[in-house]
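**Q** Predicted model and sequence below, questions to follow.
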Amino acid sequence: MRWCEHITPILQQLHWLPVCQRVQFKIAVLVYKALHDLLPAYLAEDCQLASVSGRRQLRSSDIDSVQRTNKRLGDHSFAAAGPRVWNSLPTQL
C-alpha cells in the first residue's frame, strides 16, 4: 500500500477493530476472565457480581452498579471501566 492511500479498507481486510473498540473488547475479555477465576486475584477482586460479593439484596439491586469516581482519570481504571463495559453488553451474550 502506498502512503497516500486510505487505511480503512486495509483495516477491514485485516479484520482489525478501531482503537476504541479494541480497548472495549480487551476490557470485556478481562472482566470475563475475572468472573471465571482466570485472572490473578488483584484484578479479579475489582470485578465481582453483586450477588456473589455478599452484599445485601436491595430494591436497586436490579440496576447494574458501577463504581463512581469523581475524577476523569478514575473513570479509566479497571475497577470502573470493567463493569461499565460489561454492563453495556447485550444480555444474550
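**A** Yep, that arrived.
**Q** ok, Pro83 - how many residues close by?
**A** Residues near Pro83, counting by other Cβ atoms under 10 Å, number 21. Every residue, glycine included, has its C-beta placed from N, CA and C.
**Q** mind listing what's buried in the host helix or strand of Lys26?
**A** Element membership of Lys26 [criterion: DSSP states H and E] is helix 19-35. Across helix 19-35, burial judged by 16 or more other Cβ atoms under 10 Å covers Gln24, Ile27, Ala28, Leu30, Val31, Tyr32, Ala34, Leu35.
**Q** quick one, what contacts the first one?
**A** Applying Cβ atoms under 8 Å, 6 or more residues apart in numbering, one finds that Gln24 lies in contact with Val85.
**Q** again, only using 10 Å
**A** Leu17, Pro18, Ala81, Arg84, Val85, Ser88, Leu89 (Cβ atoms under 10 Å, 6 or more residues apart in numbering).
**Q** Show me the residues you listed that map onto helices.
**A** The helices, defined by DSSP state H, take in Ala81, Arg84, Val85, Ser88 from the contacts of Gln24.
**Q** The third one reaches Ala34, doesn't it?
**A** No - between Val85 and Ala34 there is no contact under Cβ atoms under 10 Å: 12.0 Å.
**Q** Spell out which residues are contacts of both of those two.
**A** Residues touching both Val85 and Ala34 (Cβ under 10 Å, 6+ apart): Phe78.
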